[in-house]
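Asks: Build me a model from this:
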Amino acid sequence: MKTYRSWINIIPFEEASGRLKAIYERIRGPKNYIDNIMLVHSLRPHTLEGHMALYKHVLHHARNTLPSWLLEATGVYVSLLNGCDYCVEHHYHGMKRILTDEIRAGAIRQALENGTPEDIFSRA
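Replies: Residues are numbered from 1 along each chain as shown. You can find the predicted model right below:
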């Protein structure tokens with residue numbers, strides 16, 4: 001996977017303190033990994049909290065009736081439309097992990113990249 005770096009100054013996990021450190025503690029992954037998309041909020045922790053709230057309510061809300069892989073596929077498509085390579089990769093890997101079917105995930109991504117979602121999805 002390609003590594004993306006931000007031109008925005010960030011505060012890494014190891015240098016965080018106070019409110020930012022508390023947020024990082026909640027969202028960190030193995031070895032204190034924080035996604036780059038979250039790190040860009042580090043100078044303004046309240047925007048990181050807002051980002052997390054929106055993300056969780058849209059993609060991970062308990063009342064969602066759509067399958068998680070489809071929500072991630074939607075994230076791939078919206079990210080393609082927005083031209084955000086980082087988010088395309090992020091959502092694609094989430095979709096692939098949930099589907100546990102690399103061939104199907106690849107076919108979905110190809111159709112979305114071609115701008116022909118109808119090749120892989122039914123109207124329903």
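Asks: which regions of the chain lie under the pLDDT threshold?
Replies: Confidence mapping of the chain against pLDDT under 70 gives the ranges 1-6.
Asks: Try it again at 80.
Replies: Along the chain, the model assigns pLDDT under 80 to residues 1-7, 59, 123-124.
Asks: domains for the protein, by residue range?
Replies: Listed domain ranges for the chain are 13-59, 68-119 (source: automatic domain parsing).
Asks: May I see the buried residues of the helix or strand where Leu80 lies?
Replies: Using DSSP states H and E, the element containing Leu80 is helix 68-82. By 16 or more other C-beta atoms under 10 Å, the buried positions in helix 68-82 come out as 69, 71-77, 79-80. Quick note: C-beta positions are derived from backbone N, CA and C, even for glycine.
Asks: His91: which of these is nearest?
Replies: Gly75 (3.4 Å; C-beta to C-beta).
Asks: Let me see the contact set for the closest one.
Replies: 59, 87, 90-91, 94-95 (C-beta atoms under 8 Å, 6 or more residues apart in numbering).
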